[in-house]
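Novice: For reference, the sequence and a predicted model appear below.
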Amino acid sequence: MATSDDTDRPSLLRRLFPHPLLTILLVIVWLVIANSFTLNSLVLGTILGILIPFFTYPYWPNVPTGFRAGKMIAYIGLVIWDIIVANIAVAWIVMTKRNADMRSTWVTIPLDLRKPEAITVLAGTITLTPGTVSADLSDEGHSLLVHALDAESPEAVRYEIKERYERRLKEIFE
Amino acid sequence: MSTVLEILTAVTLIIGAIFTLVGSYGLLKLDDPMKRLHAPTKAGTLGVGALITASILHSFATGGNSVHEVLIVAFLFVTAPISAHFISKVNIHRKRCETPPPPPEDTSWATLGPSDGPAS
């Protein structure tokens, strides 16, 4: 409804669609909630997908820029695979190891990520992967505290998180 | 086709049940509050994930074709780390666990605050 006469004025288009990715996400979520791919739900979902970002725009002063959605999908696939593998490993540890034999330890991770969204996704990934829980952030937000259930050494956990997740998130967000 | 789906439904149901059981067992068995936090992450990820997959497969086997269960997993994956983060912050704050080592950068962890100055 707002596309035909606005395409030649990008500033107005930007104001009407402040978050294009959020619009797409809202349409998809609405279609999945409606649980049917019909024209009805597509139209209503599109209306909501346009109106919600438009009216909530004042509450999002800093729009995240440079987000790479394609790499994010690959990252989600990697995390789901890691969740399955780590689940089996941790289930084995819980069932077979005695409490006294578990080498549970704190791991401190200096962060290269600076964007709050990226740090949030990293902390969420760490918690979702069984065996590690992100416990706290330093006061200025430059280090992350992680608790590991059973780790060879804090260095190994730190290296794996930095190499496997943080490096990829840096490519996605920054 | 529907027989294959039914077998897959049964398999995913059993996988989900096993991981939920292991998660509950871990909650009972582990001795330290921080260690105990690791047990529900299993029930919350693969446990719920497999049970939801079973529900989706069942709906396809019976012709219901529903996928809105995916949203349960999506919302759970977004919210579960936040509650785990808060629980561990409470553990650190109330000194129920080993005090963590100081951060490699910055002065202190957000929960502990400055160790020598007045706590604010």
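Specialist: Alright, I've got the coordinates. Because the structure is a prediction, the values reported are computed rather than measured. Numbering: from 1, shown residues only, chains lettered A, B, ... in the order given.
Novice: Got the domain ranges for chain A?
Specialist: A:4-59, A:69-173 (automatic domain parsing).
Novice: from the chain's centre, how far out does the first one sit?
Specialist: This means domain A:4-59. Centroid displacement of domain A:4-59 relative to its chain, using C-alpha atoms, centre = their mean, to the nearest Å, is 21 Å.
Novice: okay, which residue is most central for the chain?
Specialist: With no chain named, the answer covers chain A. Nearest residue to the geometric centre of chain A (C-alpha atoms, centre = their mean): A:V121, 3.7 Å.
Novice: Chain B was what I was after
Specialist: B:T41 (2.5 Å).
Novice: which one is that one nearest to, not counting chain neighbours?
Specialist: Spatial nearest neighbour of B:T41, excluding adjacent residues (C-beta to C-beta, 6 or more residues apart in numbering or on different chains): A:P130 at 4.9 Å. All C-beta spots, glycine's among them, are computed from the backbone N, C-alpha and C.
Novice: neighbours around that neighbour, how many?
Specialist: Residues near A:P130, counting by other C-beta atoms under 10 Å in any protein chain shown, number 31.
Novice: Assumed it was part of a strand.
Specialist: No: assigned with DSSP: H, G, I helix; E, B strand; the rest coil, A:P130 falls outside any strand and is coil.
Novice: OK, contacts around it?
Specialist: By C-beta atoms under 8 Å, 6 or more residues apart in numbering or on different chains, the contact list for A:P130 reads A:83, A:86-87, A:89-91, A:149, B:38, B:41-42, B:45-46.
Novice: other SSEs contacting the one helix or strand in chain B whose mean pLDDT sits lowest?
Specialist: Least confident helix or strand of chain B, by mean pLDDT, DSSP states H and E, is helix B:38-42 with a mean of 79. Applying 3 or more C-beta pairs under 8 Å, 6 or more residues apart in numbering or on different chains; DSSP states H and E, we find helix B:38-42 packed against helix A:69-96, helix B:2-29, helix B:69-93.
Novice: which parts of the last one are buried?
Specialist: Yep, that's helix B:69-93 we're talking about. Under the neighbour-count criterion of 16 or more other C-beta atoms under 10 Å in any protein chain shown, helix B:69-93 has B:69, B:73, B:76-77, B:80-81, B:84-85, B:87-89, B:91-92 buried.
Novice: And for stretch A:45-56?
Specialist: So stretch A:45-56, judged by 16+ other C-beta under 10 Å, has buried residues A:45-46, A:49-50, A:53.
Novice: Repeat that for stretch A:99-109.
Specialist: Neighbour counts over stretch A:99-109 (16+ other C-beta under 10 Å) mark A:102, A:104-109 as buried.
Novice: Show the contacting residues for the residue nearest to A:T129 when sequence neighbours are not counted.
Specialist: Nearest non-adjacent residue to A:T129, counting by C-beta to C-beta, 6+ apart: A:A86, 4.9 Å away. A:A86 makes contacts with A:129-131, as judged by C-beta under 8 Å, 6+ apart.
Novice: mind redoing it with 10 Å?
Specialist: Contact analysis of A:A86 by C-beta atoms under 10 Å, 6 or more residues apart in numbering or on different chains lists A:128-132, B:41-42, B:45-46.
Novice: number of nearby residues for the spatially closest residue to B:T12 that is not a sequence neighbour?
Specialist: Among residues not flanking B:T12 along the chain, B:A54 sits closest, at 4.1 Å (C-beta to C-beta, 6+ apart). By other C-beta under 10 Å, 21 other residues sit near B:A54.
Novice: Can you tell me how far B:A54 is from chain A?
Specialist: Separation of B:A54 from chain A (C-beta to the nearest C-beta, to the nearest Å): 15 Å.
Novice: The buried residues of stretch A:99-109: which ones sit near chain B?
Specialist: Among the buried residues of stretch A:99-109, the ones lying near chain B by C-beta under 10 Å from any C-beta of the partner chain are A:102, A:104-109.
Novice: Give me the buried positions along stretch A:142-152.
Specialist: Buried, per 16+ other C-beta under 10 Å, within stretch A:142-152: A:142-151.
Novice: Now distance to chain A too, for the buried residues of helix B:69-93, in a markdown table please.
Specialist: Converted to a markdown table, the buried residues of helix B:69-93 look like this (distance: C-beta to the nearest C-beta, whole Å):
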| residue | distance to chain A |
| --- | --- |
| B:E69 | 9 |
| B:V73 | 10 |
| B:L76 | 10 |
| B:F77 | 6 |
| B:A80 | 7 |
| B:P81 | 4 |
| B:A84 | 5 |
| B:H85 | 6 |
| B:I87 | 9 |
| B:S88 | 4 |
| B:K89 | 6 |
| B:N91 | 8 |
| B:I92 | 6 |
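Novice: Right, I'll leave it there.
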